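Peer 1: dropping the sequence and predicted coords here.
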Amino acid sequence: MVDMRHDEDERAPGDPIDGPVRSPPPAQDEGARGISRRRFLLGSAVGMAGLGVVGYSGLTVARDDLRPHLDPATGTGSLAASERETLVALSHVLVPSAYRVNDDRIRAVVDEATNEVPGLLDEYRRGARVLDDLADRRFAAPFAALSIGARDQVLDSVFWRYPAEYRGGMEDLRPKVLRRIERIRNGSEIRRLRQLVMRDLLRRIYSAGVPLVIGYSNLPGVPGNPRDYVTPPEGRPDEAPSMSELRAGRAE
Amino acid sequence: MTAASKGLGPQVVTPRRDGPTVCVIGSGVAGALTAWKLGRAGVRTLVLEAGPRYPRGEAAQRMERFLEGDYPWSSNWPDRDVFSSVGEVDYPLNDHRVQGVGGTTLHWQAYSYRFLENDFRMRSRYGVAEDWPISYDDLEPYYGEAEVELGVACEEDNPFAAPRTQGFPLPGFPWAYDERFAAAAAQRLGITFHSIPQARTSEAYRGRPPCETYGVCRVCPIRARYGADVHVELAEATGEVTVVPNARVVRLETGGAGRVARAVYKTRDGTEHAVAAEAFVLAAHAVESARLLLLSAQPGHPDGLANSSRTVGRYFMEHMGQFRLATLDRPLYPSRTGFQTTVSQQFHDREDRDQASGFLFRGTASPGPSPESVIAEVALRSGNWGEEFAREVLERIDGEYGRTMLIGSNAEALPTEDNWVDLDPELTDAFGDPAPRISYSISEYERRGYEDGDRWIHEMAEVLGARSLGPIQNHFGSHQAGTCRMGHDPASSVVDRNLRAHDVENLYVVGSSNFVTHSVVNPTLTIAALALRLGDHLVRQSG
């Protein structure tokens, strides 16, 4: 234990704590007198730095654990049909039908992902297994065999719902807190399901159905009403000048 | 090692009966229409096409590939299609040309403008460049025929258009929602917008169904958007026309008496073949046509075939586009069709065209920030799924996506000494032949046109109430012209008014390579009109 008194004793009244010492301390046996103030400060600094390194490393490990990453070494490939169907079933819960491409396209999206992104095959496979485990525990059936409502309950049993942005007084505070608590609350496999499978599938399936998302009546590559482009998508206000106004030179 | 390099000479192909009367090199719109005219008149014709045939029955798969981000019209042989660029502009030759049966019309946007009368007389009217050896009136009937063959849809609402002797074969497409905002803003500036003529079926037409707005015109799966493969098929159906795909012609050999005796082509395995014919029509694109003539240097033609004027490859012209993106406060719902519907040619034949290039002027919605990027951002942070997630995404997209208006101009490049195509002294293609080398720089004349266009872009953005206006962006590579220009004078042009080479009596060149000047508008309908006119000429000659 460090004896603080020696340093304090050496300080003259009125000297700043961190100021220069008035005179060098006499040479003494350290074992008998303890360590000098300078050595103490040096040692403290080194100790703090060490603690910092250890602490940072620990936090990094924890953070990495809470924010899992794909393992590219696990490679690419195709899921088994049953695993793929579990993910198709998951997509039915994640994306309402109005914004969702058809199941064949979803299968293609899943296949493309697992075959092109190293590590995703392993992650999707793990995700399918976790979903089946959760479904089995709650409903004694595979995830894909459940109704959409039941699948929703499975997700609700382990995940909280929160928006990307909280638009209250303290921007982002609520979703940030919920996001972090959820990460800590759940085990690694559930965390991985949320962060590496659900988020990825949401992005991929919504992107595959972008025209539906932006309010268009049909996807590129699907025939539509050839006059749809003349008016805004259904339900949106028509603010454009009319052709008769344009033809008459009265458009504003 | 090829047969020729072994000293055995190329294998002479006799495609049917006792060989073709005419050999057409290239099956884009120029080659296809020429061959069709010949075949219809009973003239035996062989078409050599460098690229593959893209089967019609695979159109749906091509569209799927396109939707998945794989461009089906990219070169299927990049090592063969190499080129170099040495001018001010790093020229993107391979970005837009397609080598295949049907050529670049396999993926074009089908805008089918006629040139204006003054486009053919730039020297006599404005004192710049040269006049064409033919006038608008010479070409007018063929413009009409081309519109019928391609199936051009348009309203007759363009007050700046050249006179026409017949109406459009198809009614025009209504103006798109987003473009009506642009047209209204332009109207407030005193600029008149009008319909774009387009080779796209607004109604069922000659076996082609009406456009169903698949929204992916570059891979139109139903042929609503015209492609020259339509006329390749019609030509083959005459029984007189044979098409050989994957046959890259590497030189034309003369047999004395100032005539081409045979075209030598190579297949993918490097094997040489040769075709003899009475006449040869070079319709291989402005760059490749010039290159082939230069590659055909031989005794008696030391600078290349048909090049006594030394103008083969010269006066290369491009049709650049320049635009800015304006962000508006209202949604424009872009990308619901694969094509634009309106434009203004008000500045095409401007009064001071002697000083600065005329230009096309347009405004159309551009997607701006991609919905995919917005989705990715929300997916990364949101804890929602189902309806709640959908609401979040829709809210964000509604605020950010589809509020961008592209406002731009396309000016006219004049033929200059600075812009050319020749043979690269070092770079060679997969066959060991010199690759084309392109030099393109923007002239002051063209630059002044773009500066004027940019002033109108700013004015338009202001009238539209744009929140912001992005930097100038340029677009190159869609249209090439010049390199084998037509003219009366053999000392300054490659072909005469009938597109016959001045130096070689049985060699014709057709396509945008013939253009003396480029005009402000897209070139394809003029290429088609020239090809139909050449077809008639060859039929008369053969008869």
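Peer 2: Noted; the coordinates are in hand. Residues are numbered from 1 along each chain as shown, chains lettered A, B, ... in the order given.
Peer 1: where do the helices of the chain begin and end?
Peer 2: Just so you know, I chose chain A. A:5-10, A:30-33, A:37-66, A:81-94, A:103-116, A:120-139, A:148-158, A:173-185, A:188-192, A:199-208, A:210-213, A:243-247 (DSSP state H).
Peer 1: oops, chain B please
Peer 2: Taking DSSP H as the criterion, chain B carries its helices at B:29-40, B:59-67, B:93-96, B:122-126, B:136-150, B:177-188, B:229-237, B:286-295, B:371-381, B:386-400, B:444-463, B:524-542.
Peer 1: which residues are in contact with residue 161?
Peer 2: As the question left the chain open, I've gone with chain A. B:383-385, B:388 (C-beta atoms under 8 Å, 6 or more residues apart in numbering or on different chains). Yep, even glycine has a C-beta here, placed from its N, CA and C like the rest.
Peer 1: that's the wrong chain, I meant chain B
Peer 2: B:Ala161 sits in contact with B:114, B:116, B:345, where contact means C-beta under 8 Å, 6+ apart.
Peer 1: next one: phi and psi at it?
Peer 2: In terms of degrees, to the nearest 10, the main-chain angles of B:Ala161 are phi -70, psi 160.
Peer 1: what's the answer for A:Pro232, then?
Peer 2: When read as degrees, to the nearest 10, the backbone of A:Pro232 gives phi -70, psi 160.
Peer 1: hang on, it packs against A:Asp238?
Peer 2: Yes: applying C-beta atoms under 8 Å as the test, A:Pro232 and A:Asp238 come out as touching, 5.5 Å apart.
Peer 1: neighbour count for those two, which is higher?
Peer 2: A:Pro232 (20 against 10; other C-beta atoms under 10 Å in any protein chain shown).
Peer 1: what about the more buried one, distance to B:Gly368?
Peer 2: Relative to B:Gly368, A:Pro232 is positioned 17 Å away (C-beta to C-beta, to the nearest Å).
Peer 1: need the contact list for the residue lying closest to B:Tyr315 once chain neighbours are set aside.
Peer 2: Distances taken as C-beta to C-beta, 6 or more residues apart in numbering or on different chains put B:Pro415 closest to B:Tyr315, at 3.4 Å, once the chain neighbours are dropped. Contact criterion C-beta under 8 Å, 6+ apart gives B:129-130, B:314-317, B:482, B:485, B:516-517 as the residues in contact with B:Pro415.
Peer 1: could you do B:Val24 as well?
Peer 2: B:31, B:34-35, B:38, B:45-48, B:280-281, B:283.
Peer 1: for chain A, state which of the contacts of B:Pro415 is nearest.
Peer 2: Top of the list for closeness to chain A, among those and by C-beta to the nearest C-beta, is B:Thr517 at 32.2 Å.
Peer 1: that closest one: what's it in contact with?
Peer 2: Contacts for B:Thr517 were tallied using C-beta under 8 Å, 6+ apart; they are B:119-120, B:122, B:129-130, B:132, B:317, B:412, B:414-415.
Peer 1: you'd agree B:Thr267 is up against B:Pro245?
Peer 2: No: applying C-beta under 8 Å as the test, B:Thr267 and B:Pro245 come out as separate, 9.7 Å apart.
Peer 1: who has more neighbours, the two?
Peer 2: When B:Thr267 and B:Pro245 are compared for neighbours, B:Pro245 comes out ahead with 18 against 14, by other C-beta under 10 Å.
Peer 1: shouldn't the more buried one be in contact with B:Gly51?
Peer 2: Yes: using C-beta under 8 Å as the test, B:Pro245 is close enough to B:Gly51 to be in contact (6.7 Å).
Peer 1: identify the contacts common to the two.
Peer 2: B:100-101.
Peer 1: in TSV, list the helices of chain B along with mean pLDDT.
Peer 2: Shown next, in TSV, are the helices of chain B (pLDDT from 0 to 100):
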stretch	mean pLDDT
helix B:29-40	98
helix B:59-67	90
helix B:93-96	91
helix B:122-126	98
helix B:136-150	98
helix B:177-188	96
helix B:229-237	98
helix B:286-295	98
helix B:371-381	87
helix B:386-400	87
helix B:444-463	97
helix B:524-542	96
